[in-house]
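Asker: have a look; sequence and predicted model below, questions after that.
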Amino acid sequence: AQSVTQPDIHITVSEGASLELRCNYSYGATPYLFWYVQSPGQGLQLLLKYFSGDTLVQGIKGFEAEFKRSQSSFNLRKPSVHWSDAAEYFCAAHNGGGGADGLTFGKGTHLIIQP
Amino acid sequence: DTEVTQTPKHLVMGMTNKKSLKCEQHMGHRAMYWYKQKAKKPPELMFVYSYEKLSINESVPSRFSPECPNSSLLNLHLHALQPEDSALYLCASSSRSGTGNTEAFFGQGTRLTVV
């Protein structure tokens, strides 16, 4: 079955420190991959996406992610976090086929920023 | 305009009420989605409309009834809900293409409370 795994439920990072959030996928073929961020009670905002090509993708708010086919991973990184980055982060995948399928989400990682 | 607009933002309804959630997008997207999100959980797909036709119904109870009147609008009609249906309901849209960009844009959600 298709699945997305985020192994870290909570991560605490000091403001100004670097960040890496992990995401692994299990699909028959390479899916389209996404990272979304959600502030409490809000909708989801797309940070970045990977469809094909360059395996290092840049997103909004200074985030980047690296696709590694050999590890079935799509980890999110930021060199220096800000207090406003505290939120819930979801990795998601889509099979990219011609049919209308929804996204498969990981369980999310709650990011806490320490002053 | 990359906005998906959901109304109302908050809704409190009794178990015998009938209400509707509304979603609108003007990006020319031909796929629209309803997701349900419980607290501290990822969004769960409920329904998918592709070219105004229901293409996916993820075994959602009949007390939830989706409707897609045209390519820009998506409704979710609610009737005889249960307290456990209280959640954040998210609408999303995406373009449909077998090989193209399939990123989904989400609305801010409707926070539903069933009393």
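Answerer: That came through, no problem.

Asker: count of residues packed around A:Gln2?
Answerer: Residue neighbour count, defined by other C-beta atoms under 10 Å in any protein chain shown, stands at 13 for A:Gln2. Backbone N, C-alpha and C define where each C-beta goes, glycine included.

Asker: show me which residues of chain A sit near chain B.
Answerer: Residues of chain A lying near chain B by C-beta under 8 Å from any C-beta of the partner chain: A:32, A:34, A:36, A:41-46, A:49, A:51, A:90, A:94, A:96-103, A:105-108.

Asker: looking at those residues, which are in strands?
Answerer: A:32, A:34, A:36, A:44-46, A:49, A:90, A:94, A:105 (DSSP state E).

Asker: lowest-confidence one in these?
Answerer: Scanning those for pLDDT, the smallest score is found at A:His94, 83.

Asker: how about that residue, nearest residue that isn't a chain neighbour?
Answerer: A:Tyr32 (4.5 Å; C-beta to C-beta, 6 or more residues apart in numbering or on different chains).

Asker: all helices of chain A, in order?
Answerer: Here chain A has no helices by DSSP state H.

Asker: show me which helix or strand of it is least confident by mean pLDDT.
Answerer: strand A:104-105 (a mean of 92; mean pLDDT, DSSP states H and E).

Asker: and chain B, which of its residues are near chain A?
Answerer: Residues of chain B lying near chain A (C-beta under 8 Å from any C-beta): B:4, B:6, B:31, B:33, B:35, B:40-43, B:45, B:48-50, B:55-56, B:88, B:90, B:92, B:96-99, B:101-109, B:111.

Asker: who's A:Leu33 bridged to?
Answerer: Counting by DSSP bridges, A:Leu33 forms beta bridges with A:Tyr50, A:Ala93.
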